[in-house]
Structure formats: structure tokens, C-alpha cells
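Colleague: Sequence first, then the predicted structure, then my questions.
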Amino acid sequence: MPSEIEYYDETSRNYNELHGEEQLNKLRIIADHIEIKTSDSLLDVGCGSGLSAQVFKCNITGIDPSEELLKKCPFKTIQASAESIPFPDHSFNVVIAVTCIHNFSNIKKGLEEIRRVGKNKFAFSILKKSAKLNEIELLISKYFRISKRIEEEKDIIFVCS
């Protein structure tokens, strides 16, 4: 069985056809619930192929462990994991992580890193069917103030500060 990174590298060519519509829907829901200015800096953790550029009109930077997906991104990217985000504290106005936290090798460390590099606007979507859903929700509520919890078809979206 391939690792998560191998899976995303292998499916990168068809990623948008496989997951694009579903991911764009979640990104639009997030955009409807977070005020983002064109001057804001946004970190897209687990940015995949860069679909967030179709929704957010600001200064986007993406990180993802999949080198092949990063090649598709229309914005600045760095190959990195959430557990070791290569930016100084409070570098981004907004940090999003869409349907990727369940893939973190260390969820607690990944959320601590997101908290560290973000200022005060965060959004996460978690697969409802993830075996790690309860753990992730507990950790989000530990490190962030949840202002909205939105049930979407396949995910729960958390808007936080």
C-alpha cells in the first residue's frame, strides 16, 4: 500500500478531476465565513494542487509534502510538512488546512505549528469519516477558539481564531 505522499504524487496528474469540485466547495464555505483582504497573507497547509487560488484573492503560500502536487500550484510553495512549517512565528494573517489534518504524522505538533505561524484567522476541514475526527476536534478546541462549526456533506469545517 502506498504512503500518503506516494498516493498524492501518483494521483497528481488527475488530482483536480478526482477531488477538485469537493475541495473547491469546502474552500468556498471557508471564504464565506472568514473575511480575507487582498493584502492578507494566507498559508494553505496541505495545499495540494493549489485550488485555493481559485477562491482566495490574496497573497497565498502553500506547503505540501507531495512534490508532484506542488508543481501544479499557481502560487509560491515549499515542500514541507505541517509538523515543521518553515516560517517565523505569526507570519500569516490566515492559515487554512483543508481535508489534510488526518494525514499529519503528528496531529498535535501540526496544529501547534499552524497556531505558531498564524495570527488570528484559521480554518480547518476534517473528514467526518476519519477515525481521528474526535482527536482532531479536541486538539483544535485546545489550540484555537472555534467560532463556527459547519457540517458540510463529507467534512466538518471549523472557523477559528
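Modeller: Looks like it arrived, so ask away. In this text, all values refer to a predicted model and were calculated from it rather than measured experimentally.
Colleague: ok, which stretches of this structure are strands?
Modeller: Assigned by DSSP state E, the chain shows strands spanning 41-45, 59-64, 76-79, 92-98, 118-127, 146-151, 155-160.
Colleague: tilt between the first one and strand 92-98?
Modeller: Taking axes from the mean of the first three to the mean of the last three CA atoms, to 10 degrees, one finds that strand 41-45 is oriented at 20 degrees with respect to strand 92-98.
Colleague: Mean neighbour count and mean pLDDT added to the strands of the chain, as TSV?
Modeller: C-betas here are computed from N, CA, C, even on glycine. What follows is the strands of the chain, written out as TSV (neighbours: other CB atoms under 10 Å; pLDDT from 0 to 100):
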stretch	mean neighbour count	mean pLDDT
strand 41-45	24	98
strand 59-64	23	98
strand 76-79	14	97
strand 92-98	25	98
strand 118-127	22	97
strand 146-151	13	97
strand 155-160	22	98
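Colleague: Mind putting those into a markdown table with distance to L111?
Modeller: Below are those laid out as a markdown table (distance: least, CB to CB, whole Å):
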| stretch | distance to L111 |
| --- | --- |
| strand 41-45 | 10 |
| strand 59-64 | 14 |
| strand 76-79 | 19 |
| strand 92-98 | 9 |
| strand 118-127 | 8 |
| strand 146-151 | 12 |
| strand 155-160 | 10 |
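Colleague: low pLDDT regions in this structure?
Modeller: Low-confidence segments of the chain, defined by pLDDT under 70: 1-20.
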